[in-house]
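Chemist: no sequence on hand, only this structure:
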């Protein structure tokens, strides 16, 4: 009896079952091994977790994430702090320098009143003159060159002194700096002084220890301060009554004012020092000279009709005084 029909030796008649069983064993071993599948699953889970939990620093380098070869993040706060400290010290140094500079300029902007540059009246010292100007003009001992009213104040102070006829100019040179050094300022005043032209004797006995029995006036009849007697100033021939005004004020006396005007014209032409005295005669004036008396005529500004001009009178008087020979004195009130 043949067995090639493929039946099972057990005689169950299931030929396909044997062949199928023979083909599925390797597949089961390859695909359904529990340990291998668990290992594969665990490996995948581990890789996924590792990828999700990978630190940011391990990310691929980019231009934004690349770190410098030598990290200076720990030194940056110190460097910034030192830089700020340096700037602060530099600022303090600059402020200090400015304060010192400003203080130097402020100090150099103050000038003593006694340091003012100016001329002085005759027979009067500079220190005494400036002290009188400061006292009479109520000025401060120190002047602030930064004061905008300084020029006006200085001019008013000098103008108040009886010797000052006019304040022509006040120049203020402000303080400056040169090569870091402060140069103090300077004040210069140009003055025109009153000039004495006539001595006026006073009536009555002189006051004890007071030699000022005569007072001087200028060409406008302004009373001048007392000073030592000087040559070249003629005297009024008649004494005047009453108290004289304060120095710097006009002497309210027609004779004094008239004689002062005649003497002032003689001073302009250089003839005053050749006149010894002036006398009021009627409506005119007589001049006493070394060569004798000369009639001048009326007070300047009050001449009568036909009376020669002042320049002509002075010319004729000068010729007569300079003539080498003796001649009769001219009558200056009349034309030749």
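Modeler: Yep, it's here. Predicted model only: the values in this text are computed from it and were never measured.
Chemist: would you mind measuring from the residue nearest to residue 186 when sequence neighbours are not counted to residue 187?
Modeler: Nearest residue to residue 186, sequence neighbours excluded (CB to CB, 6 or more residues apart in numbering): residue 173, at 4.3 Å. Where C-beta positions appear, they are placed from N, C-alpha and C, glycine not excepted. Counting by CB to CB, to the nearest Å, the separation of residue 173 from residue 187 is 8 Å.
Chemist: of all the residues in the helix or strand where residue 315 lies, which ones are buried?
Modeler: Here residue 315 sits within helix 310-322, counting by DSSP states H and E. Neighbour counts using 16 or more other CB atoms under 10 Å place 310, 313, 314, 316, 317, 320 of helix 310-322 among the buried residues.
Chemist: make TSV out of those and add distance to residue 198.
Modeler: As requested, these are arranged in TSV below (distance: CB to CB, whole Å):
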residue	distance to residue 198
310	17
313	18
314	17
316	22
317	17
320	22
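Chemist: contact partners for residue 144?
Modeler: Applying CB atoms under 8 Å, 6 or more residues apart in numbering, one finds that residue 144 lies in contact with 109, 110, 150.
Chemist: pull the number of nearby residues for residue 224.
Modeler: Neighbour count of residue 224, defined by other CB atoms under 10 Å: 19.
Chemist: equivalent analysis for the one 4 residues further on, please.
Modeler: Residue 228 sits with 7 neighbouring residues when counted by other CB under 10 Å.
Chemist: I'd say it and residue 122 touch.
Modeler: No: using CB atoms under 8 Å, residue 228 makes no contact with residue 122, being 9.9 Å away.
Chemist: any stretches of this protein with poor pLDDT?
Modeler: 1-74, 88-108, 177, 180, 182, 204-212 (pLDDT under 70).
Chemist: strands of that one, start to end?
Modeler: 110-112, 142-144, 164-173, 176-178, 181-183, 186-193, 198-201, 214-217, 235-236, 275-281, 284-289, 292-297 (DSSP state E).
Chemist: select, out of those strands, the one closest to residue 262.
Modeler: Across these, residue 262 has its closest neighbour in strand 284-289 (5.2 Å, CB to CB).
Chemist: how about residues contacting that closest one?
Modeler: 234, 237, 258-259, 262, 266, 274-279, 293-299, 317, 321, 329, 333.
Chemist: hang on, residue 248 packs against residue 159?
Modeler: No: using CB under 8 Å, residue 248 is not in contact with residue 159; the gap is 9.6 Å.
Chemist: on that earlier part again, which of the contacts of strand 284-289 are buried?
Modeler: Among these, those classed as buried by neighbour count (16+ other CB under 10 Å) are 234, 237, 258-259, 262, 266, 274-275, 277-279, 294-299, 317, 329, 333.
Chemist: and the helix holding residue 315, what other elements does it pack with?
Modeler: Packing partners of helix 310-322 (3 or more CB pairs under 8 Å, 6 or more residues apart in numbering; DSSP states H and E): helix 254-268, strand 292-297.
Chemist: now tabulate the ones you listed in JSON lines and tack on distance to residue 284.
Modeler: Shown next, in JSON lines, are those (distance: least, CB to CB, whole Å):
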{"stretch": "helix 254-268", "distance to residue 284": "9"}
{"stretch": "strand 292-297", "distance to residue 284": "5"}
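Chemist: show me which residues of stretch 144-164 are buried.
Modeler: 145, 150-151, 153-155, 157-164.
Chemist: enumerate every residue touching the residue lying closest to residue 218 once chain neighbours are set aside.
Modeler: Closest residue to residue 218 apart from its sequence neighbours, by CB to CB, 6+ apart: residue 194 at 4.2 Å. Residues in contact with residue 194 (CB under 8 Å, 6+ apart) are 162, 163, 164, 165, 218, 222, 224.
Chemist: now the helices for the stretch 51-200 of the chain?
Modeler: 76-108, 126-136, 150-159 (DSSP state H, counting those that start in this stretch).
Chemist: need the contact partners of the last one.
Modeler: Residues from elsewhere that reach helix 150-159 (CB under 8 Å, 6+ apart): 116, 118, 133-134, 136-139, 143-144, 147, 164, 166-167, 170, 172, 187, 189, 191.
Chemist: same thing but at 7 Å, please
Modeler: If you take CB atoms under 7 Å, 6 or more residues apart in numbering as the criterion, helix 150-159 is touched by 133-134, 137, 139, 143-144, 164, 167, 170, 172, 187, 189, 191.
Chemist: make a PyMOL selection of the buried ones in the residues you listed.
Modeler: Applied in PyMOL, the following selects the buried portion of the contacts of helix 150-159 according to 16+ other CB under 10 Å:
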select buried, resi 133+134+137+139+143+164+167+170+172+187+189+191
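Chemist: which of the contacts of helix 150-159 sit farthest apart?
Modeler: For the contacts of helix 150-159, the farthest-apart pair by CB to CB is 144 and 164; their separation is 22.8 Å.
Chemist: related to what we said a few turns ago, nearest to residue 126 among the contacts of helix 150-159?
Modeler: Among these, and counting by CB to CB, the member closest to residue 126 is residue 133, at 10.6 Å.
Chemist: the closest one touches residue 161, doesn't it?
Modeler: Yes: at 5.0 Å, residue 133 counts as touching residue 161 under the criterion of CB atoms under 7 Å.
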